[in-house]
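[1] predicted model and sequence below, questions to follow.
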Amino acid sequence: MRQFIRHPIDVPVEIDIEQDPTWGAGNGRTQDVSAGGLALHVAQPVLPGRQVLLSIAYVEPPFQAQAQVAWCRPDDSADGYELGLSFLDAEVAYMARMVEQLCHIEDYRRSTLRSSGRELTLEQAAIEWIEQYAEQFPEIGSGSLH
């Protein structure tokens, strides 16, 4: 049984596999995030147990964290692989949830511009998003399944 509920999120991500200069930095896209880690789509397989540096430049300042590959399997829906990363400590997991929230706010800001032509600052978008959606956004750990 899964320990944490996963929340869908689709943002570009870059991973760099430590101590493996042949792999180099690779681009991917997140699929979902939970309190314990995240899943993403990458072009190349990565062995479970490997340490990676995760970078998400979608937010300012860019989010970077160390993670460990928990699993890797072929992606049935697209070319490439699904990769499961586990965060190495609770503080990073909390920060990742905040990054997820910022990504939702940025998406809200962009969709508001497209749909209504209203240009919002990040702060204005955050205020509106919080008023409309924050109650539905779970706190860290609240999605735990035991």
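    Yep, it's here. Numbers count the residues shown, from 1 in each chain.
[2] surely L54 is in a strand?
    Yes - per DSSP: H, G, I helix; E, B strand; the rest coil, L54 lies within a strand segment.
[3] bridged to it, which residues?
    I15, A65 (DSSP bridges).
[4] in this structure, what helix or strand scores lowest on average pLDDT?
    The weakest-scoring helix or strand in the chain, judged by mean pLDDT, DSSP states H and E, is strand 7-8 (a mean of 46).
[5] quick one: list the elements packing against the longest helix anywhere in the chain.
    Across the chain, the longest stretch assigned as helix under DSSP state H is helix 90-116. Judged by 3 or more CB pairs under 8 Å, 6 or more residues apart in numbering; DSSP states H and E, helix 90-116 is in contact with strand 25-33, strand 63-74, helix 122-133. For glycine as for every other residue, the C-beta is placed from the backbone atoms N, C-alpha and C.
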